[in-house]
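In: With the input below, show me the fold.
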Amino acid sequence: MKAAYYTNKEQLELVELETPKIGWGEALIKVKYTGICGSDLHVYHGAHPTAKFPVVPGHEFVGELVELNDSSVNDIKIGDTVVVQPFFSCGVCEPCITGNDNVCQELKLLGAHCNGSFAEYVKVPAKKMYRIPKDVDVKLAALAEPLAVAVHDVRRSQLKVGQKALVIGGGPIGLFIAMVARLVGAEVYISEVNEFRLNYAKDMGFKTLNPKDEDFDQQVKTITNGKYFDVVFEVSGSKTGAASMTKLAKISGMVVIVGMAGDNYPVDLMSVFTKQLKLQGVRIHTQEAFAAAVDILVSGELNDQLYKLISKTFALEDIKAAFEYMHTNTDHFKILLEV
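Out: Model (predicted):
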């Protein structure tokens with residue numbers, strides 16, 4: 001099969017590999033579309049804390065089930081279109097048995113610890129598959145995984161109808177979180193300095209803030225009646241985001257740390273203390289959140305917004321051009337590969 005392969009740090013090649021052989025409890029998927037995620041770039045640059053080379057990257061995908069070796073899966077048939085929660089979890093450690101399979105002690109992520117979806121075929125855990133009806137656009141189905149990230153993050157935030165939420169960082173995941181937060185009935189603001197992202201968020205109907213504005217603090221006070229935000233999602237992974245997230249949360253508010261920080265940035269712990277804040281870390285998504293994301297996708301509630309997030313599609317054979325585009329052009333959101 002054709003596959004994109006990280007042979008080492010910042011070394012990407014299109015190669016021929018053997019089609020994966022599946023064992024018990026596994027399935028083989030023929031990939032149709034796969035998204036390029038920021039974490040795929042982290043792996044490429046050697047910045048992912050646990051990824052190993054060589055590896056086939058990719059974990060956001062939709063495809064056709066072509067082989068199955070698990071008799072317990074009876075609601076999905078060969079030939080069905082499926083999406084997959086893209087990691088292997090043991091199912092028996094304490095995190096797994098308490099519903100936190102996303103932080104399994106033996107977690108193996110597709111595209112980081114084992115070969116992923118930048119290939120014609122990918123081997124996956126059969127129990128993590130979900131069937132996609134034929135009337136759902138397969139391009140949109142390729143967004144199921146990042147949508148699941150947003151569902152997980154919003155659920156962990158305990159965000160309630162009518163509350164005010166601030167998303168720091170208007171990139172792809174920031175917009176996914178904003179969409180889901182708005183879906184559950186929150187009033188959502190996006191804080192971003194990039195003009196392209198600010199305008200895009202406005203075009204999607206979101207209220208925006210630019211922290212570089214001289215009157216930014218006054219804008220926040222006016223919006224929140226001086227109370228600040230019920231929930232702050234820090235998605236930027238930046239030093240300024242880490243410094244401001246606790247200041248922008250209200251007394252007894254919630255701060256959800258989503259972005260992968262490039263360093264150990266300072267955090268205002270005095271605000272955590274004096275305002276009795278709750279800090280919530282999040283990692284990928286639970287299987288429950290993934291299933292909920294599939295339900296949202298199938299419902300079509302977010303289709304118009306999801307279409308707007310697909311910026312460009314490349315063929316798998318043009319993977320190097322896709323990476324070049326992502327590194328040299330900041331005015332984009334989701335890039336898909338057609339396999």
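
In: list the helices and strands the host helix or strand of A201 packs on?
Out: Taking DSSP states H and E as the definition, A201 sits inside helix 195-203. Applying 3 or more CB pairs under 8 Å, 6 or more residues apart in numbering; DSSP states H and E, we find helix 195-203 packed against helix 172-183, strand 207-209. In short, each C-beta sits where N, CA and C put it, glycine included.

In: from the ones you listed, which stretch is densest packed?
Out: With neighbours defined as mean count of other CB atoms under 10 Å, these peak in mean count at helix 172-183, which reaches a mean of 25.

In: Pairing partners for the helix or strand just after it, with directions?
Out: Downstream of helix 172-183, the next assigned helix or strand under DSSP H and E is strand 187-191. Strand 187-191 has the following strand partners under DSSP bridges: strand 164-168 (parallel), strand 207-209 (parallel).

In: T274: which of those strands is closest?
Out: Closest approach to T274 among the strands paired with strand 187-191 is made by strand 164-168 (19.1 Å; CB to CB).

In: can you give me how far the closest one is from the chain middle?
Out: 17 Å (CA atoms, centre = their mean, to the nearest Å).

In: That one vs helix 172-183, what angle?
Out: 170 degrees (axes from the mean of the first three to the mean of the last three CA atoms, to 10 degrees).

In: hmm, who's touching strand 164-168?
Out: Residues outside strand 164-168 that contact it (CB atoms under 8 Å, 6 or more residues apart in numbering): 157, 159, 174, 177-178, 181, 186-191, 209, 223-224, 229-236, 241, 244-245, 248.

In: I'd like the mean pLDDT over that strand, please.
Out: Taken as a whole, strand 164-168 has a mean pLDDT of 98.

In: middle-most residue in this protein, spatially?
Out: Centre of the chain computed as the mean C-alpha position; nearest residue by CA atoms, centre = their mean is P146, 3.2 Å away.

In: Which residue, other than its chain neighbours, is closest to it?
Out: In this structure, P146 finds its nearest non-sequential neighbour in F176, 5.2 Å apart by CB to CB, 6 or more residues apart in numbering.

In: Is the residue nearest to F216 when sequence neighbours are not counted bridged to anything, and to what?
Out: In this structure, F216 finds its nearest non-sequential neighbour in L209, 6.5 Å apart by CB to CB, 6+ apart. On the basis of DSSP bridges, L209 is bridged to S191.

In: Quick check, L209 in contact with V188.
Out: No: when contacts are counted by CB atoms under 8 Å, L209 is not listed as touching V188 (11.2 Å).

In: gap between stretch 68-88 and the chain center?
Out: From the chain centre to the centre of stretch 68-88 is a distance of 21 Å (CA atoms, centre = their mean).

In: Make sure the residue nearest to the centre of the chain is indeed in a helix.
Out: Yes: under DSSP: H, G, I helix; E, B strand; the rest coil, P146 falls within a helix.

In: Helices of the stretch 201-339 of the chain, start to end?
Out: Per DSSP state H, counting those that start in this stretch, the stretch 201-339 of the chain carries helices over the ranges 216-224, 239-244, 269-274, 287-299, 303-309, 319-328.

In: Which of those sits closest to A261?
Out: The nearest among the helices of the stretch 201-339 of the chain, by CB to CB, is helix 239-244 at 6.4 Å.

In: got the buried residues for the helix holding A201?
Out: R197, L198, Y200, A201 (16 or more other CB atoms under 10 Å).

In: List just the nearest of these to L68.
Out: For the buried residues of helix 195-203, the residue nearest L68 by CB to CB is Y200; the value is 39.9 Å.

In: re earlier: among the buried residues of helix 195-203, which two are most distant?
Out: Maximum pairwise distance among the buried residues of helix 195-203 (CB to CB): 7.3 Å, between L198 and Y200.
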